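Undergrad: need coordinates for the below:
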Amino acid sequence: MKELKYDEIVILNPLQTRYQMLSSRVLIPLYAAAIDGIYRINRAKRVRSFASMLGIIIGIIVLAFLAMFGIYFAFTVGFSYSIVGIIITASSVFGIIKLVKIGKGFGKIGNEGELVVSWSQVKTITVMNVRQENVANRPSLVLNTIAPTYKEIGDWHVLTIDGRDITIPDVDDPHNKLNYVKNRFNLNFS
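TA: Sure thing, here's the model as predicted:
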């Protein structure tokens with residue numbers, strides 16, 4: 001496993017819409033091209049990290065409202081109940097601090113990739129199964145039908161020197177991305 005940085009890789013088959021996070025496309029591994037080859041990135045780990053961060057953000061928002069309620073309660077009721085407001089405020093602030101610390105840990109989860117094939121082993125890459133997919137990112141099914149947004153999606157078939165055939169599914173704009181990867185990493189295969 002190698003740590004991959006966003007500025008050093010080209011994501012080959014990203015999710016096209018936020019609605020695909022709830023589809024079977026999440027189960028397809030995420031592939032990325034880097035200077036030394038093509039990597040497989042664990043997409044499920046990234047989605048879990050996103051869901052955890054979303055839960056943490058919601059928790060912080062709820063605790064912030066509780067803290068504001070505690071401050072209001074501490075200053076508007078009698079002295080005997082103001083201690084309850086102070087306790088609510090203090091515990092909410094403590095909870096927010098703990099959630100921020102937990103969130104920093106999730107923020108460090110990067111792109112760990114497993115090398116699928118190095119560029120020195122690639123004989124050729126062929127684009128196959130090219131199709132147009134509706135990638136409209138709108139919440140309305142009516143608007144997606146009236147004004148769809150199409151994108152070219154295809155599969156890369158990587159043929160290696162030793163005869164293996166590796167399929168990278170659902171590459172967006174596959175022909176242009178192949179040319180871009182060849183130029184960016186100075187590759188000379190056909």
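
Undergrad: sheet partners, orientation included, of the longest strand along the chain?
TA: Longest strand in the chain by number of residues (criterion: DSSP state E): strand 122-134. With DSSP bridges as the test, strand 122-134 is paired with strand 150-160 (antiparallel).

Undergrad: can you list contacts of whichever helix or strand comes after the strand it pairs with?
TA: Under the assignment DSSP states H and E, the closest C-terminal helix or strand after strand 150-160 is strand 165-172. Contact with strand 165-172 is made by 12-14, 16, 25, 28, 31, 38, 116-117, 127, 151-160, 177, as judged by C-beta atoms under 8 Å, 6 or more residues apart in numbering. Where you see a C-beta, it was placed from the backbone N, CA and C, and this is true even at glycine.

Undergrad: can you give me the buried ones in strand 165-172?
TA: Ile166, Ile168, Asp170, Val171, Asp172 (16 or more other C-beta atoms under 10 Å).

Undergrad: output that strand as CSV, restricted to C-alpha atoms.
TA: Written as CSV, here are the backbone C-alpha positions of strand 165-172 (Å, rounded to 0.1, in the frame of the first residue of the first chain):
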residue,chain,number,x,y,z
ASP,A,165,-5.7,-8.2,-19.4
ILE,A,166,-6.7,-5.8,-16.6
THR,A,167,-10.1,-4.0,-17.0
ILE,A,168,-10.5,-0.5,-15.4
PRO,A,169,-14.3,0.0,-15.5
ASP,A,170,-16.3,3.3,-15.9
VAL,A,171,-13.5,5.7,-16.9
ASP,A,172,-15.0,9.1,-17.6
